[in-house]
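Asker: Structure for this input, please:
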Amino acid sequence: MDVTIRRGTAADSATVAELHALSWRTAYTGIVPEQALGDGLADERSEVWALRLAADYGEPANTPALLIAEQAGGAVGFAYLVPQPDGRILLDNLHVRPGRTGGGIGHALFDAVRDHLATCHPGADLYLEVLRDNTRAVAFYEREGGRRTAEQEGIFPGGYALPEYEYTWPAAGDRDGAPAR
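Answerer: Next up, the predicted model:
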């Protein structure tokens, strides 16, 4: 597996939006109402990513980070980290191109997330929210050492309330404290 991870920029918005919509349609079919994955999804994701990547968040400590995984020059995955007011870092997205999952790309992205936190947010806890019924993602995050810290309902685009879990990696900047893999 020859994966390169790089920082994303506003120029990546269309690529990330396309990959995000494709990933949702693959991973969430049967979990999320069909209307949320319908014809408007690609345009909605394009709008979201264009706004996210063009915004000025001020201080670097408040600025989200986009990490892009590439193989042979093409994007095969991405992760998006968002600093929170409580000092934690939200892993808002981690997606691998459908058909490329299970080959270590997600693990490489997660390692890059940990490296980013160690450098830019040392000592910050990392957390994410994942749909409860997305069992493949739940299993991945548990293999990566995540600890389930909450069960709640999340609001999915379109206003759909769906059960989700929160997973946390305490002191994510401390690689020595990370669970063995």
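Asker: do you know how far Arg97 is from Thr15?
Answerer: Here the criterion is CB to CB, to the nearest Å. By it, Arg97 lies 11 Å from Thr15. Any C-beta I mention is one placed from the backbone N, CA and C, and that applies to glycine too.
Asker: Of those two, give the one with the bigger neighbour count.
Answerer: Counted by other CB atoms under 10 Å, Arg97 and Thr15 do not tie: Arg97 has more neighbours, with 19 against 16.
Asker: Within the helices and strands, which one has Glu44?
Answerer: Following DSSP states H and E, one finds Glu44 within helix 41-54.
Asker: Ala54: neighbour count?
Answerer: The number of residues packed near Ala54 is 9, by other CB under 10 Å.
Asker: Same question for Asn93.
Answerer: Neighbour count for Asn93, taken as other CB under 10 Å: 20.
Asker: Confirm it sits in a strand?
Answerer: Yes. Counting by DSSP: H, G, I helix; E, B strand; the rest coil, Asn93 is found in a strand.
Asker: buried sites along the helix or strand of the chain with the lowest mean pLDDT?
Answerer: Lowest mean confidence among the helices and strands of the chain (mean pLDDT, DSSP states H and E): helix 41-54, at a mean of 90. For helix 41-54, burial by neighbour count (16 or more other CB atoms under 10 Å) applies to Leu41, Ala42, Glu44, Arg45, Ser46, Trp49, Arg52, Leu53.
Asker: What of stretch 65-85?
Answerer: For stretch 65-85, burial by neighbour count (16+ other CB under 10 Å) applies to 65-71, 75-83.
Asker: how much distance is there from it to the middle of the chain?
Answerer: For stretch 65-85, the separation from the chain centroid amounts to 8 Å (computed by CA atoms, centre = their mean, to the nearest Å).
Asker: Could I get the average pLDDT for stretch 83-103?
Answerer: Stretch 83-103 shows a mean pLDDT of 93.
Asker: show me where pLDDT drops low in this protein?
Answerer: 1, 172-181 (pLDDT under 70).
Asker: where exactly do the helices run in it?
Answerer: With DSSP state H as the criterion, the chain has helices at 13-27, 41-54, 105-120, 135-143.
Asker: Tell me which of these lies nearest to Tyr127.
Answerer: Tyr127 lies closest to helix 135-143 among those, at 10.3 Å (CB to CB).
Asker: Report the inter-axis angle for that closest one versus helix 13-27.
Answerer: Calculated by axes from the mean of the first three to the mean of the last three CA atoms, to 10 degrees, helix 135-143 forms an angle of 110 degrees with helix 13-27.
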